[in-house]
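Undergrad: Quick check, what structure comes out for this input:
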Amino acid sequence: MSIQWLEPSMNPERNRGISRRAFVKSAVAIGGTAALSACLGRESPDLPQGPDDLSTLPARQHAWNDALARDDHGNHVPPRHHVVRLLDYTGDGTPDDGERDTVESALQTLERAYPRSNEGLLFTIGYTPAYFDRFDADRPAGLPDPEPLANFEDPTPDTPDAAIHLASDYGSVLLAAEEALLGEREEINGVDVETDLANVFAAADLADGGMARRTGFIGDGLPAENQDVDGIPDSEPVDEESPLFMGFESGFAGTQATEDRVTIDEGAFAGGTTQHLSQIRLHLTQWYEQDSREHREATMFCPAHAENDRIEETGENLGATSGVGACADDAESDARQKGVVGHAQKNARVREDGRPIILRRDFDSTDGDEARVHFLSLQSAIDDFVATRQAMNGDDLAESGAVGQRTNNGILQYMSVERRGNYLLPPRASRALPTPQG
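TA: Predicted coordinates:
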């Protein structure tokens with residue numbers, strides 16, 4: 001997609017019919033100064049600056065929930081637009097204190113420029129096992145190398161040094177923040193940009209031509225307006241109210257781990273968390289053109305939900321919980337007797353005290369003109385994500401012959417994992433090029 005297409009003044013007839021939401025999503029996906037200019041032509045955010053006293057901000061980078069809007073059921077509403085930049089450290093040896101000061105100053109500029117909210121800017125910076133392996137000390141606990149987590153997947157491991165995740169309801173805020181970090185803006189929202197990351201980090205050089213810049217969106221209407229991509233049938237089946245390509249609500253408050261649960265509680269990085277980031281390709285032609293609505297409900301949630309008509313439209317009627325906890329113990333009998341088991345139903349088998357052990361902040365994407373999910377989860381150790389993924393695999397159900405390894409076994413057959421990466425998100429106090437000791 002070209003910048004000329006994005007610029008309203010260059011093609012007014014064509015742009016008149018494009019919704020602001022779809023337009024902004026496209027600008028975020030392209031990135032750069034011209035996209036920011038075009039985006040500002042459609043958005044007019046009148047935002048206050050961030051706090052003068054940054055000590056008032058949470059100690060945890062990942063403590064977003066109190067800064068998010070909530071829906072009528074109390075669910076946290078994620079920011080609509082997302083950018084993830086994968087970065088390589090460009091220095092020799094290990095980082096020095098001057099470089100740490102540079103990184104911290106650049107991040108503080110963003111915090112001073114925008115309020116810490118979904119309408120302003122939320123962001124984190126995390127570091128990989130590869131980053132920590134440059135030091136003589138052992139890497140932090142709970143941070144293994146990424147690896148395949150099912151015998152039917154062969155993802156490419158992402159091994160940059162760092163990842164910055166930026167999120168906002170306004171695409172123009174994301175693009176301005178990104179430009180500031182890259183040293184391509186002198187001010188953002190009235191705040192001077194005195195330092196940037198350009199002399200410390202560069203775009204990551206990823207194996208197999210992986211994308212070092214990843215973008216996406218989540219929210220009612222955005223998937224439907226951006227479904228003209230590979231992986232979704234030409235009939236444009238995504239419901240216009242759906243927040244995600246697969247047509248159902250996600251992120252119910254009752255089916256998310258709490259921020260306390262995913263926080264590291266001891267050691268050098270107490271107050272931080274770990275992050276897993278998967279790049280997943282969606283294959284939704286059968287999902288929409290062959291599978292019935294009842295089958296989609298059964299495989300996304302559980303057979304009992306489908307049989308009892310518990311899901312209306314996208315599932316907003318479910319409130320603050322998907323209700324699959326009651327189905328968890330029936331996974332084996334549902335697979336054997338009904339020949340199908342639900343995705344959420346399988347994952348509910350690894351809950352603790354009735355709650356999941358990971359906090360999902362994933363979002364859909366059209367990167368590469370293909371329907372994708374960038375699955376981003378937070379957990380106190382990567383092992384918690386691995387346990388959740390193993391439950392999702394449903395190997396025990398497939399081994400019984402009740403369901404296939406992927407068919408009728410949740411939503412496994414509709415997606416393929418292309419890449420995986422693991423990251424440590426330190427607390428804010430040690431977020432700038434930390435050592436393994438914090």
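
Undergrad: Find the residue closest to Ala67 in space, skipping its chain neighbours.
TA: Ser117 (4.7 Å; CB to CB, 6 or more residues apart in numbering). The way it works is simple: take the backbone N, C-alpha and C, and place the C-beta from them, glycine included.

Undergrad: what's around the one you found, how many residues?
TA: Applying other CB atoms under 10 Å, we find 18 residues neighbouring Ser117.

Undergrad: Same check on the one 4 residues further on?
TA: Per other CB under 10 Å, the neighbour tally for Leu121 reads 27.

Undergrad: Next, work out how far apart it and Tyr170 are.
TA: Using CB to CB, to the nearest Å, one obtains 9 Å as the distance from Leu121 to Tyr170.

Undergrad: ok so, going back, quick one: which helix or strand includes the residue nearest to Ala67?
TA: Secondary structure assignment for Ser117, by DSSP states H and E: no helix or strand.

Undergrad: How much space separates it from Pro51?
TA: Distance from Ser117 to Pro51, by CB to CB: 12 Å.

Undergrad: what's the answer for Arg20, then?
TA: 29 Å.

Undergrad: now swap in Ala150 and tell me
TA: On the measure of CB to CB, Ala150 and Pro51 end up 44 Å apart.

Undergrad: quick one: low-confidence parts of the stretch 101-250 of the chain?
TA: Judged against pLDDT under 70, the stretch 101-250 of the chain has no low-scoring part.

Undergrad: got the residue ranges for the helices in it?
TA: 129-132, 171-181, 222-225 (DSSP state H, counting those that start in this stretch).

Undergrad: Let me have those in CSV, adding distance to Arg261 and mean neighbour count as columns.
TA: CSV is the format used below for the helices of the stretch 101-250 of the chain (distance: least, CB to CB, whole Å; neighbours: other CB atoms under 10 Å):
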stretch, distance to Arg261, mean neighbour count
helix 129-132, 23, 21
helix 171-181, 28, 26
helix 222-225, 29, 22
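
Undergrad: among those, which is nearest Thr195?
TA: Thr195 lies closest to helix 171-181 among the helices of the stretch 101-250 of the chain, at 9.7 Å (CB to CB).

Undergrad: Return the alpha-carbon coordinates of that closest one using PDB.
TA: Provided in PDB are the C-alpha atoms of helix 171-181 (Å, rounded to 0.1, in the frame of the first residue of the first chain):
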ATOM      1  CA  GLY A 171      -2.600   5.900  15.400                       C
ATOM      2  CA  SER A 172      -1.100   9.300  15.200                       C
ATOM      3  CA  VAL A 173       0.200   9.000  18.800                       C
ATOM      4  CA  LEU A 174       1.800   5.700  18.000                       C
ATOM      5  CA  LEU A 175       3.500   7.000  14.900                       C
ATOM      6  CA  ALA A 176       4.800  10.200  16.600                       C
ATOM      7  CA  ALA A 177       6.200   8.100  19.500                       C
ATOM      8  CA  GLU A 178       7.900   5.800  17.100                       C
ATOM      9  CA  GLU A 179       9.400   8.600  15.100                       C
ATOM     10  CA  ALA A 180      10.600  10.200  18.300                       C
ATOM     11  CA  LEU A 181      12.400   7.000  19.400                       C
END
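
Undergrad: who does it touch, helix- and strand-wise?
TA: Here helix 171-181 touches helix 20-30, helix 33-40, strand 81-89, helix 97-113, strand 162-168, strand 187-188, going by 3 or more CB pairs under 8 Å, 6 or more residues apart in numbering; DSSP states H and E.

Undergrad: which helices and strands sit right next to the longest one?
TA: Meaning helix 97-113. So helix 97-113, by 3+ CB pairs under 8 Å, 6+ apart, packs with strand 122-127, helix 171-181, strand 187-188, strand 191-192.

Undergrad: what residues does the third one touch?
TA: Contact partners of strand 187-188, identified using CB atoms under 8 Å, 6 or more residues apart in numbering, comprise 109-110, 113-114, 176-177, 179-180, 193.

Undergrad: can you map out the strands along the stretch 151-300 of the chain?
TA: Secondary structure of the stretch 151-300 of the chain by DSSP state E, counting those that start in this stretch: the strands cover 156-157, 162-168, 187-188, 191-192, 201-203, 213-217, 273-282.

Undergrad: Can you tell me the strand partners of the last one and which way each runs?
TA: Taking DSSP bridges as the criterion, strand 273-282 pairs within the sheet with strand 372-379 (antiparallel), strand 415-425 (antiparallel).

Undergrad: Turn those into a markdown table, columns for mean neighbour count.
TA: Formatted as a markdown table, the strands paired with strand 273-282 follow (neighbours: other CB atoms under 10 Å):
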| stretch | mean neighbour count |
| --- | --- |
| strand 372-379 | 24 |
| strand 415-425 | 23 |
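
Undergrad: JSON lines for these, including mean pLDDT and distance to Arg360?
TA: Supplementary listing: those in JSON lines, determined by pLDDT from 0 to 100; distance: least, CB to CB, whole Å:
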{"stretch": "strand 372-379", "mean pLDDT": "98", "distance to Arg360": "5"}
{"stretch": "strand 415-425", "mean pLDDT": "98", "distance to Arg360": "15"}
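
Undergrad: between these, which one is nearest to Asp396?
TA: Here strand 415-425 is closest among these (CB to CB), at 20.2 Å.

Undergrad: export the closest one as CSV, just CAs?
TA: These are the backbone C-alpha positions of strand 415-425, laid out as CSV (Å, rounded to 0.1, in the frame of the first residue of the first chain):
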residue,chain,number,x,y,z
MET,A,415,-3.8,-21.2,12.5
SER,A,416,-0.1,-21.8,12.1
VAL,A,417,2.7,-20.4,14.3
GLU,A,418,5.3,-18.7,12.1
ARG,A,419,7.6,-17.2,14.8
ARG,A,420,8.2,-17.2,18.5
GLY,A,421,10.1,-14.9,20.9
ASN,A,422,10.6,-14.7,24.7
TYR,A,423,11.3,-11.5,26.6
LEU,A,424,11.9,-10.2,30.1
LEU,A,425,10.1,-6.9,30.9
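
Undergrad: what's the angle from it to strand 81-89?
TA: 60 degrees (axes from the mean of the first three to the mean of the last three CA atoms, to 10 degrees).

Undergrad: So the residue lying farthest from the centre of the chain: helix, strand or coil?
TA: Centroid-distance maximum for the chain: Gln337 at 35.3 Å, with CA atoms, centre = their mean. Here Gln337 is helix, with the state taken from DSSP: H, G, I helix; E, B strand; the rest coil.

Undergrad: Phi first, then psi, for the residue nearest to Ala67.
TA: phi -160, psi 170 (degrees, to the nearest 10).

Undergrad: Would you confirm that it contacts Asn65?
TA: No - counting by CB atoms under 8 Å, Ser117 stays clear of Asn65, with 11.3 Å between them.
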